[in-house]
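Peer 1: would you be able to build a 3D model of this:
(2 chains)
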Amino acid sequence: MKDKTFYYSFFIFSFSLLWLTSCLDLDSDKYFVDRKTEEFVFTDKTQSEQWLAHAYSFLTGCNFEVCSKGGTGGTGGDWNPFCFADDIYYGDRDNSYGDHKDADYASYNSFREGRYTEEVGYNAWVKCYKGIYQASIFIHRIDMLVGHDGMDAEAVEDMKGQARFVRAYYYWLLLRKFGPVPIMPDEGADYTLSYDELAIPRSTYEEVADYISDEMIQAAKEIKFTRRDANNIARPTKGACLATRAIVYAYAASPLANGQLANGQHPDGVTDDAARSLLNRDGTPLLSLSYDESKWARAAAACKDVMDLGVYDLYHVPASNSASDGYPVTVTPYDDGNFSTKGWPDGYADIDPMQSYRQLFDGDVTPVENYELIFSRVSNMSIGDNDNGIGALVLHEMPTQRGGWNTHGMTQKMADTYYMNDGTDIPGMYSEWGGAARGGNDLPRVTGFTERADVRKGAYPELQVRAGNSYGVDVPLCYTHREPRFYASVGYNGAIWEGIGNTTSTQRWYQCFYYRGEGNGYVNNFNYPRTGIGIRKWYHPYDWSESTNNGYAHLRPKYETAIRYADILLLYAECLNELTGTYSFPSWDGTRTHSVSRNVADIKRGTNPVRIRAGLPDYADDVYADANLLRAKLKRERMIELMGEGKRYFDLRRWMDAPIEENTLIYGLNVFQGKAFKDQFMQVIPVFNLSSVFSDKMYFWPIAHTELKRNKNLVQNPGWTYND
Amino acid sequence: MYRSKNLSLFIIGLSFFCLAASAQNVIEITGTVTDETGDVVIGANVIVKDVPGLGVITDINGRYAIRMQEYQTLVFSYMGYKNQEILVKGDRKVIDVVMEEEKFSAVDEVVITGMGAQKKISVTGAVTNVQMEDLKHYNTSNLSNTLAGNVPGIIAYQKSGQPGKNTSEFWIRGISTFGASTKAYILVDGFERENIDDINIEDIETFSVLKDASATAIYGSKGANGVILITTKHGKSGKVAINGKVETSYNTRTITPQFVDGFSYANYINEARVTRNLSTLYQPVELDIIRDGLDPDLYPNVDWQNLLLKDGAGSYRANVNVSGGGETARYYASIAYNEDEGMYRTDQTLRDKYDTNANYRRYNYRLNVDMDITKSTVLKLGVSGNLTKRNSPGIGDDRVWGQLFGYNALYSPVLFSNGYAPFKFTGTVIEYDDVRTFIGDRANYINPWVSSAQTGYNTEWNNDTQTNVTLEQNLGFITKGLTFTGRFGYDTYNFNSISHLRMPALYTARRRNPDTGEVEYSKVIDTTDMWQTSANNGSRREFLDLLLHWDRTFAQQHTFEANVKFTQDEKITTQNLGDDIKNSVSRKNKGLATQVKYNYLGRYFLDYNFGYTGSENFADGHRWGFFPSYSLAWNIGDEPFIRNNIPWINMFKIRASHGKVGSDTTGSDRFPYLYTIADNGSGYMFSLDDGNYNYGGTFYSQVASTGVTWEVAEKNDIGLDITLFDERFALTVDYFNEHRTGIYMTRNFLPTIIGLESAPKANVGSVFSQGFDGNFKYEQQIDQVRLTVRGNMTYSKNQIGEYDEENSVYPYQNLSGYRVNQVRGLIALGLFKDYDDIRNSPKQQFGVYQPGDIKYKDVNGDGVINSGDECAIGATSTPNLIYGLGISAQWKNFDFNLHFQGAGKSTFLTYGKCVYAFSEGQWGNIFKGMLDNRWVDAETAQQLGIAANEDTGAAYPRLSYGANSNNYRASTFWLRDGRYLRLKNLDFGYSVPKAAVNRLHVNSMRFYVSGTNLLLLYKKFSTWDPESLQPRGEDYPITKAVTVGLQLNL
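Peer 2: Numbers count the residues shown, from 1 in each chain, chains lettered A, B, ... in the order given. Predicted structure coming up:
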């Protein structure tokens, strides 16, 4: 019996010992081999593309660059009011005028008065950083894809370059809107660290700009394309990388980030208080407090990198003598004896400037054919994009009587800024608010209206949008003989809204007047242009709308011009103009050296194409000779050329011109007058229901309290509050 | 495992072989059994050892006569006396026995700990051995309800009185974490159980609570919240013992919320509107109709509480257990039945068809069989389980209760006078085709009586089956004192529910036709025939537990003990798993625990133990945790200088322990170390117009939190065990503290610059808690009365150290630095006196306010009152102090037991449609008396002809109609004190004298009457039972019960 027990016990004992040794092991990972892993995603082309697509996806909504004003997403929502400065405005989203769609902060006035809170616009910050993380993961995993699904190292590297571009681009969007921001670790932040360790402080403006530059060069090397085919058109090219870098460097060279007032261009009332108060917790100034001219040279060299790619040119269409609906006969540009004698690219003898400029925006030319376009969201801005897209912008431009919202308009300042067709200024330019002192003149404004007889005689070919008819009668004379871009951009009183696509023939060829009582003028709500001047840019002659509720159905697709070549050319001229010495910088790929200085011939490489495409004569030699004169011209050129493309808001800030320009009353026409008093209607008066105030806090967008609470090392932008 | 008094029964004696081998003479033995005082002992057991079925009991004169063979052993036993064994040999035919009273000595008391039974004297950790007899006084079906005030170290309160849900929440030494689980680890016969309420109380042999690290460290990452160990009864060899208990209770409610009648309600609602410049809801003529009850269809006056709730309901409990066995096998079998009747008045006409009441029935069964396979091997089989069945009205308990508190007396008639079932008219009549949509949208417009009686019924079943096998092997032949125990358990759990629903045709009465005076009805929904829906759920568990134990005493001075234990358990949910494969992976834990103990002379004790446990929920490298602890004890009372000089000290032991325990719970999160990649993110269109190049978004919908692991509790305990005066007085007191770190939380406040689209998890929180618990017992014999006084108290206070939160502007708004479950709100300064008072006070930014509205304190001094002024107010919503005091007396055959229980240090906010009068318009009734001392402004008073009350200290602010965002928000105004002291239990029993019962061949018989929750002796809040801590007062009230019962022992 004892033996039996012994063996029995021995059995149990050894059994349990076996258990103990073999069982002190818990491996649950084996259950999860079939779950979707990183390895699976990044060894599969479609999954990898989807990962990349998600990284791109945050470029939308409040991160659009050319758009209407934004959706109805509440305080943190998809707000993008940056297309509106002293040039154009929107009248809806204003509680005080009966649009209760959003709270008061959403109105043009609240943005212009700085009445918005720190939380408004937070979404843009959040989206950018989500995109940065998503792209960082991609960059550090995508090498796995090589050899799978037919992807070779080169194709994978191109994808990696795209992710790198997108990531750097988010930093650029952040830098432009919020100023210097924290730079995250390259592989994505280690979110397992403590809150204190994750409280990453803001880098300086210069550090962020350098970081973006380095990344964009790397991306330009990784990306294999300088043009993309139709199915990849929304992906960045080498040019997109280099152009972004050039813009970033131009911003970093501009007064706000570069020693502020040191070069003495600014009048009294502009201070560098903002820069002096934007310090990190350790006292590091985030904006440079000393001027460094070489930053301009660096930016010029970066622009030169884009130009040297040789793949871009300004979009232009040939001059035409045969008219069709929506495409009138070319109006012969001003005979300056120079450009008028030569063909493109040396002159405008063989092009139609108005059509060239108009078709760039109205959807006539697709991004695939558009050799001026450097970067665009393309189809990711859908036409009906909930008030964010350009389609929404067009619908808001269109007159009430033709199914538009009729709320977006242009300031008198913007209308005055356009040249006459001979390159001179319009009489009375800026005369109500400073005249010559503000760069305008003190001449009396042109009065009167076009007469039928004169129109028929062809005195105003620029108004004759359709051959052999009398459209163009009763148009105020101040809107005649203006430069071609004016007619492609301004919805002036008496402009024709073609609506050629409209199924009801009587609804086509609508001449829109903004007189009170005419259906498009002053009403007791927000559906009228407050200045009596509308916008037409992006409107295509075939676009029409049945009603505001179904307004998007008949609009042609529009393509965002996030970065286009004209911008780079103008920046190139602007950067060179600031130089007093000669600087050398290696090109982006190190293959050559750019030597840059204030060389007029070089400057003209920037200015002339823009002037020629616009059908305008070159600046006079004395302008080129004087950096101050040329600077003013270049600023004016950007204001006109890039009107409504979301650039001026930021240009005014980087130049530190906002304290002057955005602090001046907004002027417009006397919209309270009816047709019977059309002379009085054309009087320029201040528009009291459009605000124009600037304070230092408006240089940069505020950082949300939510974010400040979570990152104790994050400093708020000047003038904005902390969470206490 | 076995009580020392019973050890003798288990000493291996003569075997059957001997019996069979030798044929002896049959002789008759007679004798008298007396006790030490010379009194005869009636009903003492006299059995022949190891001969099943051979036994007699002594008669009324203490005499017995038994026929047996020579050289067998007689065993004399009687409850409360030591067993005596006498070997019958020679010619001794008369054997008189004097029984010695058995004394329970604290020194001999056995305590069950994680590694098995040990003598209380040698316990070095904080372990409470609960006397089951104390708990059995309570006539409840749920063990958890007996804990508060009975078990030192347990904080508990009962939330609801609803049958099947009337259990208590409890915590060992209070709440010491805000993590996913604060629940104690419950082990029944060594296997984990979800709760202690499914066990039949009568089946419990031992119940112990392990509180400090030295007692719980061996449970590793499971034991941080304390451990409850329960063992069930096993059979003893000897005569078959049958115990039965039958009892019936009548349950009423401790406090039933009372509501105002229709006329008062109408007047209040008029006042609420007038005082806020709204028109009255009831015109004077309507008030007359209401007061005089002239129109029962349009102006009913229904006392819904009375209509729907019975005065009381019964509970029935019966329990039988049989135990016994022979030398080689022993058994214990029990069945129990429990029924709690619902409190609803149901529709009598439906009674024989089906039951719509909230009934609860439970059947428990248990069978424990122990078999001696060899001399040194015992095999134990256990099967137990419970079946429960719960009924509820078709539309659901919760809806009915919501309606009961939502319906005021005027809201709707029970039925219209023509028999139509009413639907509350609210202005527009929408006719419904689909009854499901109707219930979703409009359930609250059906009155509670129709809901409870006419909408069908739901039934729910639980079926819980537990099986276990234990093998005990004495390995003494390897080395003395070595034993091996292996246990395997397998549980299945199933839940099923079927709802049988119907809906009567419902009508709404719009008005009386002005011409005919007839009520105009519109039908809202047609009669819907009964239909059904069903649901089920289930889970399965497996356990394995291997223990190697060795103990030995050397030279009668050095006692060593060592244990090594391996455990493994696995739980898998078998239904409703969703589509993520990680949900179907079983929850698996493994652990290795070791304990080493040493004592010298039974005076100095050392204990070191550790648990090394793993949980597969965590990533490799974070799965296994090491939890060591040690403890010391010194029985000063045993030192010769005390023993010799202060003889009235029986025991004086000081204990100290320190150690670490873990908690591996991550709530419902499985495998937080895994990331989840989803394809449904926002995408991007790369092509100009070709949708094939439109890619969706793949991204981490949940990032991986690879470092996640268990939380750690570092616990300290200092304790004192004293027994004095010949062990008549016993006292145990413990001070404890605990530092809980690494509490598992979602990190919700990462800066967004990190760029995540999901929040990672981490072990970030920490809590420090400390407190004391203790109990005492004093026994005194006064003449023939044996008196026992018991008391106990538990106090625990915690403070959050770290919490996942963002930097609040005001430090007092952070959770860290405050208690877990701290109540927060504004500080009310009374009511505004007048408009000057309003003008001169900081502006309150919550909404319009007037004199008579609540005035708040500007805590941050910024001149405005807003959410920045919300701060910690009052205590926590769970009590921090629980105490109990019990007195028992025994006189002759009468026994009497009283138990008081109280709670302190708890406050709770009240709110909801009944507390915030008219906050949801006419939905919500008004508690009687609540508005008695309310603010009434002079103008309104004059207009309505009632008394003005402009006392800024009034108990209720100016009435309002609809939402009032100034008054109706968390503040000290609505904060109530949860303190109470109640007579929790009163028990009076009479045992029929031995002489009488023995004639019936019954060992003992006791009749008893007892009461539970009879009286609330002290309370600060009386609208509903303060123990329940219900914020809205809308739940099933706590019940009080009177029980009569009979206990039989055959």
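Peer 1: give the helix, strand or coil label for the residue of the stretch 551-700 of chain A at minimum distance from chain B.
Peer 2: For the stretch 551-700 of chain A and chain B, the shortest gap (Cβ to the nearest Cβ) falls at residue A:557, measuring 7.9 Å. C-beta here means a position set from N, CA and C on the backbone, and glycine is covered the same way. Recorded secondary structure, residue A:557: coil (DSSP: H, G, I helix; E, B strand; the rest coil).
Peer 1: now do the contacts for it.
Peer 2: A:363, A:379, A:383, A:391, B:689 (Cβ atoms under 8 Å, 6 or more residues apart in numbering or on different chains).
Peer 1: my guess is the second one meets residue B:683, correct?
Peer 2: No. Using Cβ atoms under 8 Å, residue A:379 is not in contact with residue B:683, being 11.7 Å away.
Peer 1: looking at these two, which one has more neighbours?
Peer 2: residue A:379 (23 against 20; other Cβ atoms under 10 Å in any protein chain shown).
Peer 1: next, the buried residues of stretch B:396-403.
Peer 2: B:396, B:397, B:399, B:400, B:401, B:402, B:403 (16 or more other Cβ atoms under 10 Å in any protein chain shown).
Peer 1: and for stretch B:713-728?
Peer 2: So, applying 16+ other Cβ under 10 Å, buried residues of stretch B:713-728: B:713, B:714, B:715, B:716, B:717, B:718, B:719, B:721, B:722, B:723, B:724, B:727.
Peer 1: can you list those residues in CSV and add secondary structure and pLDDT?
Peer 2: Compiled in CSV, the buried residues of stretch B:713-728 are given as follows (DSSP: H, G, I helix; E, B strand; the rest coil; pLDDT from 0 to 100):
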residue, secondary structure, pLDDT
B:713, strand, 87
B:714, strand, 90
B:715, strand, 90
B:716, strand, 90
B:717, strand, 90
B:718, strand, 91
B:719, strand, 90
B:721, strand, 88
B:722, strand, 90
B:723, strand, 87
B:724, strand, 88
B:727, coil, 81
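Peer 1: just flag the most distant two among those residues.
Peer 2: B:714 and B:727 (35.2 Å; Cβ to Cβ).
Peer 1: ok, the residue of the stretch 1-150 of chain A found nearest chain B - contacts?
Peer 2: Across the stretch 1-150 of chain A, the shortest distance to chain B (Cβ to the nearest Cβ) belongs to residue A:133, at 2.7 Å. Shown in contact with residue A:133 (Cβ under 8 Å, 6+ apart): A:184, A:188, A:189, B:754, B:755, B:756.
Peer 1: thinking again about what came up before, how about the buried residues of stretch B:713-728 in TSV, adding distance to residue A:163?
Peer 2: Below are those laid out as TSV (distance: Cβ to Cβ, whole Å):
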residue	distance to residue A:163
B:713	45
B:714	46
B:715	50
B:716	53
B:717	57
B:718	60
B:719	62
B:721	68
B:722	73
B:723	75
B:724	79
B:727	79
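Peer 1: can you pull the pLDDT of the residue of the stretch 1-150 of chain A closest to chain B?
Peer 2: We have a pLDDT of 96 for residue A:133.
Peer 1: hang on, it in a helix?
Peer 2: Yes. Counting by three-state DSSP, one finds residue A:133 located in a helix.
Peer 1: low pLDDT regions in the chain?
Peer 2: Went with chain A since none was named. A:1-29, A:71-77, A:98-105, A:260-265, A:383-387, A:467-470, A:548-550, A:724 (pLDDT under 70).
Peer 1: oops, I was thinking of chain B
Peer 2: In chain B (pLDDT under 70), the answer is B:1-25, B:50-54, B:79-80, B:102-108, B:346-354, B:425-429.
Peer 1: where does it get nearest to chain A, which residue?
Peer 2: For chain B, Cβ to the nearest Cβ, closest residue to chain A: residue B:755, 2.7 Å.
Peer 1: how many residues are close by residue A:608?
Peer 2: 19.
Peer 1: and it, backbone torsions?
Peer 2: Backbone torsions of residue A:608, given as degrees, to the nearest 10, read phi -60, psi -50.
Peer 1: check the one 5 residues further on too.
Peer 2: Per-residue torsions, residue A:613: phi -60, psi -30 (degrees, to the nearest 10).
Peer 1: that one against residue A:351, yeah?
Peer 2: Yes. Contact criterion Cβ under 8 Å: residue A:613 and residue A:351 qualify, at 7.2 Å.
Peer 1: follow-up on the earlier one: most neighbours among the contacts of residue A:557, please name it.
Peer 2: Most surrounded of these: other Cβ under 10 Å gives residue A:391, at 25 neighbours.
Peer 1: separation between it and residue A:59?
Peer 2: 17 Å (Cβ to Cβ, to the nearest Å).
Peer 1: now residue A:280
Peer 2: Residue A:280 is 29 Å from residue A:59, by Cβ to Cβ.
Peer 1: and if you look at residue B:935?
Peer 2: Taken as Cβ to Cβ, the span from residue B:935 to residue A:59 is 58 Å.
Peer 1: in terms of neighbours, single out the busier of those two.
Peer 2: More crowded of residue B:935 and residue A:59, by other Cβ under 10 Å: residue B:935, with 27 against 24.
Peer 1: show me the residues around residue A:685 that make contact.
Peer 2: A:432, A:667, A:668, A:669, A:670 are the contacts of residue A:685 under Cβ under 8 Å, 6+ apart.
Peer 1: just the ones of these in strands?
Peer 2: Using DSSP state E, the subset of these located in strands is A:667, A:668, A:669.
Peer 1: so which of those residues is the closest to residue B:135?
Peer 2: residue A:668 (86.8 Å).
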